[in-house]
Structure formats: C-alpha cells, structure tokens
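> Structure of the sequence below:
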Amino acid sequence: MTRSTTARSTVLALSSVLAAAALAVPAQAEDHHRASGRSLPVVTPRSETPALHDDEAGGNADADDPAIWRNAAAPGRSLVIATAKEGGLRVYDLDARPVQSIAAPPAAGPDHAPGRFNNVDLVQGLRLSSGRADLAVTSDRGHDRLRFYRIDRDRAGGPLSDVTDPAAPAVFSRDQAEVDEQRTAYGLATWTDPASGKAYALVSRRERTSIALLELLPAPGGRVTYRKIRTLDLPSSFRLPDGTSWSPCAEPDELPQVEGMVVDPANGTLYAGQEDIGIWRLRADLTGTPRLIDKVREYGVPGVYDEETEECTPGADPGYGGTKLSADVEGLTLVTEPDGDGYLLASSQGDDTFAAYDREIGDDNEYEGGFRVAPAGTPQTGSTPDGSEECDGAAALNAPLGSAYPNGLLVVQDGHDSPGDGDRPSTNFKFVDLGKVLHALDD
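Residues are numbered from 1 along each chain as shown. From the prediction side, this is the model:
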C-alpha cells in the first residue's frame, strides 16, 4: 500500500516530533539514532525490475507485493510473481527480467472500480479437479475477490494461467454497493494445515481491522473457489499506561487496517502488521487471543484530523511506542531454517528499514537486529540499482536458487525507484542476496 497523503504527512510530522524529543533528551538520543536506521547495516541489491508507473501512460501500474516460486526441478528457473495494483500481475525471472504480464479484470461497469491486485502469495500442490497444481493467489481489492493463477513454468504464453472460478464470492461485501465502497480484500497470506492438508487464505479488509479465514476449494474445470470459515477483528482503540484510550489519527470512519501478513508453516502462527499499531501474533485459524509483539514508534501519539487539509496534526509523543518500527509497518516475510530457527522480517516503512525478529515463539519473538536495502553508490541509469524506500511488500526464500542465488533470495518493493522519470511515480522490486542479509543480521 502506498501511503495516502494524510498518512504520509502524519509520518513526516511525527518524525519531526521524535527528532525534537531525541535532541531535547540526550539520554534518548542514542536510542533514536539507532532506531532511525542510521547505524543499521546496509545490504546492496543485486538487481532490480524495470520501473512501473502509476499513471495513465504507464497503465496505472504500481508495484506492491512479491512472492517467490521455487522451481524444484530447475531452481535456477524459479520465478518472482508480483502485484502491480491496477496494472495486474507481473512475473520476473531471477535476473529481474519480465516474463509475463497479466492484466487485472476490468470494472463490472462504468461506475465501478476496475480490478486492483494488492497482495500475492503461493499455494503448493493444491488438489484441483484436473490434478495437483502450484498456485499464485492474489487479493483483488477492486472486486473484493481472490484470484487464482496456475503456475506452469514452460506453458506456452507464459507460466501463469487464470483458474479462478467465475462464481467465486466477494470476500467481505454483501453486494456491489458495498464493493463500491472499497472496504474490500486487501492484505493476504496463505496457509496449508499439515494436520488436515486443507489450504487457506487469510485476507484483511481495507480501512477495517478485520481478517477473514477462507478455505480454498476445487471447482469444476480445474478452477478454484473458496468459502469463509470465520472472521476476527483486531482492536481499533487501545488503553494506554496513563489510563486514557487512544486510536491512531485517520480520516473519519477509517479504522487501523492490516496489510502485511505471513504464516509460519511450522506452527500455524499468523503474524499480521496493523499499519499504525504494530505486529500481532495469533493462530492462523483465527482462534485464541492475538498478542501484540511489537509497536510502532508512533503508538499512543495523539493526532487531530483536519477535514480541510485532509491531514493529521500530531501532538506530543507520550513515549508509549516501540523503538524498532516506524509507521507504517508493512510487508512481513519469514526466513525459515531446517532446525526451526530463522527470522520474521518486517518492513518499517516510515524510516526505510527492515526489522528482524526471532522466529521462535519460545523466545517471545525477540528483536534480532535490522538492516537497510541501499545502493553501494549513487544510482545512475544502467548502473547500480538504488535501494528500497517506503517498502510495501517483501518475500524471502531461504533455499538455493541456482547459481544466481545459491544462498536464497529476498525481494523487496521500492516505493520510490530512482532515478525517476520526471514527475511520473516510479516503483519496482529489488532482488537481494539473502545470504548477505543473514550475514548482516549475524554480525
């Protein structure tokens, strides 16, 4: 999600408040210096995808969220599948070269929104009426649906083919009028229950705190549909240590939404990033009680919304927030290791850094360090890729991917690709050697 003008202005204002506080209180200066990412190690991307442009000339394509599909038979021919919002889906090879472009579905009519692919994840070996298949699953915010694409690496015409059941229901909306309100399917994570073998998608709702659990089901003709199992609502207001109640400043009737989500396959744990709040840990079947494992720095900061400027003016920081994440907390991904170790990685969008947490619940998801994705020098056209700013989505795969990435791959979205193309918004995806990330975290 590229932040709205309101949220962007709020974060800038809050950054000023936090910076002033750090200067005014010397004891806090070192912690703020560390938290702002200045002292974090830098990891340089190896390659980057072509820029996408979110304007009419660029097809309203805006990079958002990636997923990495590993070709078990030929790991060097694996793929990165990524969303481009109204631009649909993009598929890249491991050299970040385009392989396939899939358009989002058109609008249902002249007064309705077109398809808008927000997040993407993968399902391995789902049983369809035509046999087992690997799938790319994406949330279509424009139509409040999930879309499914079968992955066949050597298929003529491109590796992805649409296998969505035309009768697949809306995820949250009761009718087209509710779809038009665009409080629709947003964040996405998939999960296969090892006990039952059933595959699920967890889907968050735009401008609401809801997360829905959907069971993925085969439909006639080798297609895929789903049914809703249950829904959970995360809190929208919070009791602060001073006894007051707080909610993040937002437009009227807009609640703190979730986008970044990932499920740990080893224990069925869902991690969900509530953008202006922090990271929640809960059961992927949406039973039990969610636990907030870390907060954004801006947690507890009061704000007043101005309807004329459509911006929030923050008040004084009471100091109840965390020190590792700056709103928005966005793309979440896991680095898994065979022995059960590994990391939960989170994009700290407000300060262009990434935070790493211990994957082990027994260690209470302890913070293990952070890093930035940045260029080795000044990026210039045709030379070194630039870094990642305001990262929306990330995907990691800790497995050999041929000679290009023998130590695994991290793909991150860049919300401000540079050098830009004049006044045109430019976004893309950066490919990073995961081995370098792990080395930076282990140092």
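> Retrieve the pLDDT associated with the residue nearest to the spatial centre of the chain.
Centroid-nearest residue in the chain, with Cα atoms, centre = their mean: Gly331, separated by 3.0 Å. pLDDT recorded at Gly331 is 94.
> From Cys249, how far out is it?
Noted for Gly331: a distance of 23 Å to Cys249, by Cβ to Cβ, to the nearest Å. Heads up, the C-betas are built off the backbone N, CA and C, glycines and all.
> Repeat that for Ser236.
Here the criterion is Cβ to Cβ. By it, Ser236 lies 12 Å from Cys249.
> Who has more neighbours out of those two?
Neighbours were counted for Ser236 and for Cys249 using other Cβ atoms under 10 Å; Cys249 has more, 23 against 16.
> is it fair to say that one lies in a helix?
No. Per DSSP: H, G, I helix; E, B strand; the rest coil, Cys249 lies outside any helix segment and is coil.
> Find the nearest non-adjacent residue to it, please.
Once flanking residues are discounted, Cys249 sits nearest to Gly303: 2.8 Å by Cβ to Cβ, 6 or more residues apart in numbering.
> so that neighbour makes contact with Gly315?
Yes. Between Gly303 and Gly315 there is a contact at 6.5 Å, judged by Cβ atoms under 8 Å.
> Name the residue in the two with the higher neighbour count.
Under the criterion of other Cβ under 10 Å, the comparison of Gly303 against Gly315 puts Gly303 first, with 21 against 13.
> ok, now how distant is Asp62 from Leu286?
For Asp62, the distance to Leu286 equals 30 Å [Cβ to Cβ].
> out of the two, which sits in the more crowded spot?
Between Asp62 and Leu286, counting by other Cβ under 10 Å, Asp62 is the more crowded of the two (25 against 17).
> Local confidence estimate at that one?
96.
> contacting residues for it?
Asp62 makes contact with 2, 52, 54, 84-87, 425, 427, according to Cβ atoms under 8 Å, 6 or more residues apart in numbering.
> and it, that's in a strand?
No. Secondary structure of Asp62 (three-state DSSP): coil, not part of a strand.
> ok, which stretches of this protein are helices?
Using DSSP state H, the helices of the chain run over 5-24, 26-35, 176-180, 434-442.
> Show me the strands in the stretch 51-200 of the chain, by range?
Counting by DSSP state E, counting those that start in this stretch, the stretch 51-200 of the chain has strands at residues 52-53, 66-69, 79-83, 89-92, 98-102, 117-128, 131-140, 145-151, 160-162, 185-192, 199-205.
> Please identify the pairing partners of the third one and their relative orientation?
To tie it back to what came earlier, the one meant is strand 79-83. Sheet pairing of strand 79-83 (DSSP bridges) gives strand 66-69 (antiparallel), strand 89-92 (antiparallel).
> contacting residues around that strand?
49, 63-69, 71, 89-94, 96, 99, 117-120, 122, 136, 138, 149, 151, 153, 159-160, 393, 395, 409, 411, 413, 429, 431.
> Mark which of those are buried, thanks.
Neighbour-count burial (16 or more other Cβ atoms under 10 Å) applied to those gives 49, 63-69, 71, 89-92, 94, 96, 117-120, 122, 136, 138, 149, 151, 153, 159-160, 393, 395, 409, 411, 413, 429, 431.
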